[in-house]
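Peer 1: Kindly generate the corresponding structure for this input.
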Amino acid sequence: MSLIIGIAGTAKNTGKTTTTSSILDELYNKKILIGLTSIGYDGEETDNITGLPKPRLFVKKNTILATAEKCLKAGSADYDILETTDIMTPLGRICIVRVHKEGLAVVAGPNKGSQLKYVENKMINELNCKVVLVDGALNRIAPMIETDGVIIATGASRNVNIDILVKETKALHELLNLPEVSKEELQYFTDISKIALIPKKIHEKTSFLNYGSLIGNDIVKEIIDKIKCAETVFIPALISEFALKKLNDGLGTLWANKTLIIKDPIKLITGGNPETLINEIKKIKFNGGNVKTLKNLPLLAITVNPFYPKYRFDIDSYEPGYIDREELVDKMRASVDVPIIDIKHEGSLRLLKSILNLVQP
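Peer 2: Numbering: from 1, shown residues only. Have a look, this model is predicted:
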């Protein structure tokens with residue numbers, strides 16, 4: 001069995017690269033064949049804003065990478081090119097390569113879900129990778145829906161207020177783990193590309209609404225106008241927090257005994273603040289409605305980092321700053337029911353224990 005794991009940072013300096021490196025080390029220790037790619041560009045030596053050093057990824061022999069052409073010369077690892085794909089990026093075509101000499105790698109992978117899926121299938125089905133790691137970030141998380149689950153790296157660089165950070169992370173966990181539809185419902189909705197208002201009675205006609213890249217005021221109004229005839233509202237588009245709030249304001253108790261189905265939770269997460277979005281979902285449930293998704297994105301674990309780049313006005317520069325590590329870990333563990341790990345302090349072995357069991361022969 002193979003496993004595709006996304007690793008997404010909520011901001012710069014939250015420890016995503018450290019998390020990825022630690023997982024790589026544990027997988028290498030277990031002699032598991034690894035595929036590695038990213039969503040877009042990552043791997044810079046220093047942070048562009050603060051000038052503080054950032055780690056890059058050290059890859060060992062036989063690791064399979066999917067990265068852009070220009071990145072192949074930027075690292076110290078040597079590769080054998082297995083395929084130059086038609087996937088274009090600002091840094092050239094994506095190449096699938098096998099490492100034949102270990103060293104540092106700069107990873108700049110595909111930007112779209114369909115492209116990521118192609119790379120993953122190649123790594124697993126043709127190159128026999130047991131674990132594929134997809135490096136990413138919360139602001140470019142959309143293609144992560146093509147993974148089996150995601151590890152979120154967060155910390156003080158996202159917010160130095162621990163209580164606010166914990167609330168946001170809890171909301172993110174709830175969004176990623178929205179309940180999925182049944183297999184029968186999934187089969188019905190998979191091929192529907194428009195907004196669908198589905199009536200309770202079989203003989204009544206389903207209303208289909210066209211939309212642009214996201215839900216606008218006109219579509220919100222049309223859904224509100226037609227909601228009385230519908231039992232299920234299917235929205236495959238990106239839904240902003242503004243649009244969801246407007247929909248809730250217009251419907252209120254009309255949500256009773258109705259279900260909102262979204263394509264995947266990423267369509268919500270990329271639309272606004274996680275806390276605001278989860279509050280709007282709670283309003284739907286409070287008014288007797290329900291919210292489901294065609295496919296969720298399981299949150300496998302959260303890594304936390306107490307470090308943040310602290311700005312010093314007196315010297316007009318940055319220095320390392322830290323929030324209380326124990327308070328951060330304790331409050332996060334009390335609020336979110338997934339493994340919470342401080343990678344720098346605890347390492348990644350506990351984080352990977354259940355995952356490694358899945359991919360052992």
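Peer 1: Please tell me how far residue 102 sits from residue 117.
Peer 2: 28 Å (CB to CB, to the nearest Å). Backbone N, C-alpha and C define where each C-beta goes, glycine included.
Peer 1: repeat for residue 192
Peer 2: 20 Å.
Peer 1: Per-residue pLDDT of residue 91, please?
Peer 2: In this prediction, residue 91 carries a pLDDT score of 87.
Peer 1: err, residue 73, not the other one
Peer 2: Confidence at residue 73, expressed as pLDDT, is 83.
Peer 1: quick one: it is in a helix?
Peer 2: No: Residue 73 sits outside any helix when classified using DSSP: H, G, I helix; E, B strand; the rest coil, being coil.
Peer 1: how much space between it and residue 299?
Peer 2: Using CB to CB, we find residue 73 at a distance of 36 Å from residue 299.
Peer 1: Which one's more surrounded, the two?
Peer 2: Neighbours were counted for residue 73 and for residue 299 using other CB atoms under 10 Å; residue 299 has more, 23 against 7.
Peer 1: Let's test this: name the helix or strand in the chain with the lowest mean pLDDT.
Peer 2: Within the chain, no helix or strand scores below helix 349-359, which has a mean of 67 by mean pLDDT, DSSP states H and E.
Peer 1: quick one: residue 123 and residue 63 touch, right?
Peer 2: No: the pair residue 123 / residue 63 is not scored as a contact, 10.4 Å apart, by CB atoms under 8 Å.
Peer 1: any shared contact partners between the two?
Peer 2: Shared contacts of residue 123 and residue 63, defined by CB atoms under 8 Å, 6 or more residues apart in numbering, are found at residue 35.
Peer 1: Quick check: bridge partners of the closest residue to residue 156 other than its chain neighbours?
Peer 2: Leaving aside its chain neighbours, residue 156 sits nearest to residue 308 (3.7 Å; criterion: CB to CB, 6 or more residues apart in numbering). Taking DSSP bridges as the rule, residue 308 bridges to residue 321.
Peer 1: Provide the count of other residues in contact range of residue 308.
Peer 2: Neighbours of residue 308 (other CB under 10 Å): 22.
Peer 1: low-confidence ranges in the stretch 51-200 of the chain?
Peer 2: 51-55 (pLDDT under 70).
Peer 1: now the strands for it?
Peer 2: Under the criterion DSSP state E, counting those that start in this stretch, the stretch 51-200 of the chain carries strands at the ranges 57-59, 64-68, 78-89, 92-101, 103-105, 131-137, 149-155, 195-198.
Peer 1: Same check on the stretch 251-361 of the chain?
Peer 2: In the stretch 251-361 of the chain, the strands defined using DSSP E, counting those that start in this stretch lie at 259-262, 290-293, 299-305, 307-312, 317-322, 340-341.
Peer 1: What residues of stretch 283-301 count as buried?
Peer 2: Neighbour-count burial for stretch 283-301 flags 283-284, 289, 291-297, 299-301 (criterion: 16 or more other CB atoms under 10 Å).
Peer 1: just the CA coordinates of it, formatted as CSV?
Peer 2: Taking C-alpha atoms only, stretch 283-301 is exported to CSV below (Å, rounded to 0.1, in the frame of the first residue of the first chain):
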residue,chain,number,x,y,z
LYS,A,283,-25.2,28.5,11.8
ILE,A,284,-26.5,26.1,9.2
LYS,A,285,-26.5,23.3,11.7
PHE,A,286,-28.2,25.5,14.3
ASN,A,287,-31.0,26.2,11.9
GLY,A,288,-31.6,22.5,11.3
GLY,A,289,-29.4,22.0,8.2
ASN,A,290,-26.4,19.9,7.4
VAL,A,291,-23.1,20.3,5.6
LYS,A,292,-21.2,17.5,3.8
THR,A,293,-18.4,17.2,1.2
LEU,A,294,-17.8,14.8,-1.7
LYS,A,295,-14.2,14.3,-0.3
ASN,A,296,-12.6,15.5,2.9
LEU,A,297,-8.9,16.0,3.5
PRO,A,298,-8.0,14.2,6.7
LEU,A,299,-5.7,16.2,9.1
LEU,A,300,-3.1,13.6,10.0
ALA,A,301,-1.1,15.6,12.5
